[in-house]
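> sequence and predicted structure are below.
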Amino acid sequence: MPPVDVTLSILEILLNEKPDNVFIGSLHQQYCNRGGLSKKQLEGLMAKALQSKNVSTAKIATLEAIIKKKPTRYKSEKITTIADTQVNGEIENALKKILEKYPQHKMALLMQSKVKHGDPLSKTEEDEIKRLAKLLYK
């Protein structure tokens, strides 16, 4: 005996009930092509199934169990560290001095742009700025 596919069964019931419903048609197509739906898509299907009188409560309960088994994915927030938020004053001053003397210096302009946009400078970049400033102001 083949296993019963409750999700497909609900989709087909809802499609027969409202064949012009774009959302259900899209879910049906995705389910047939990929073999499954995401948790959010299943929750949307559940909302539509609850509105229908043709879907049995047993199928709705099974769909609810399928939804509960799926993992919930959370987007993590970007972690800001103290190093990201604090700009080294020594580096900033060195860049200003370099650009005062050579306003078109490409490396200094690039590093200044990175500092203004809050992009972290690598240790190599910081060392290069310090070295250049030391050469210019002995």
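Yep, that arrived.
> please count neighbours and contacts with C-alpha atoms only from this point.
Will do.
> burial of the closest residue to Lys97 other than its chain neighbours, as a residue count?
Nearest residue to Lys97 in three dimensions, chain neighbours excluded: Ala133, at 7.2 Å (CA to CA, 6 or more residues apart in numbering). Applying other CA atoms under 10 Å, we find 19 other residues in the vicinity of Ala133.
> tell me the domain boundaries of this structure?
Listed domain ranges for the chain are 6-69, 82-133 (source: automatic domain parsing).
> in a markdown table, list those along with distance to Lys75.
Shown next, in a markdown table, are the domains of the chain (distance: least, CA to CA, whole Å):
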| stretch | distance to Lys75 |
| --- | --- |
| domain 6-69 | 14 |
| domain 82-133 | 21 |
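> ok, of these, where does mean pLDDT dip lowest?
Lowest mean pLDDT within those: domain 82-133, a mean of 81.
> pull the residues that contact stretch 5-21.
Residues external to stretch 5-21 that are found in contact with it (CA atoms under 8 Å, 6 or more residues apart in numbering): 24-25, 27-28, 31, 45, 48-49, 52, 54-55, 59, 62-63.
> distance check, Ala47 against Ile66.
Here the criterion is CA to CA, to the nearest Å. By it, Ala47 lies 14 Å from Ile66.
> of those two, give the one with the bigger neighbour count.
Each of Ala47 and Ile66 has its neighbours counted (other CA under 10 Å); Ile66 has more, 15 against 12.
> tell me which helix or strand the more buried one sits in.
Assessed by DSSP states H and E, Ile66 sits inside helix 57-69.
> what is the helix or strand hosting Cys32 packed up against?
Secondary structure from DSSP H and E places Cys32 in helix 22-34. Using 3 or more CA pairs under 8 Å, 6 or more residues apart in numbering; DSSP states H and E, the elements in contact with helix 22-34 are helix 6-17, helix 39-51.
> residues in contact with the last one?
Taking contacts as CA under 8 Å, 6+ apart, the residues outside helix 39-51 that touch it are 10-11, 14, 24, 27, 55, 60, 63-64, 67, 70-72.
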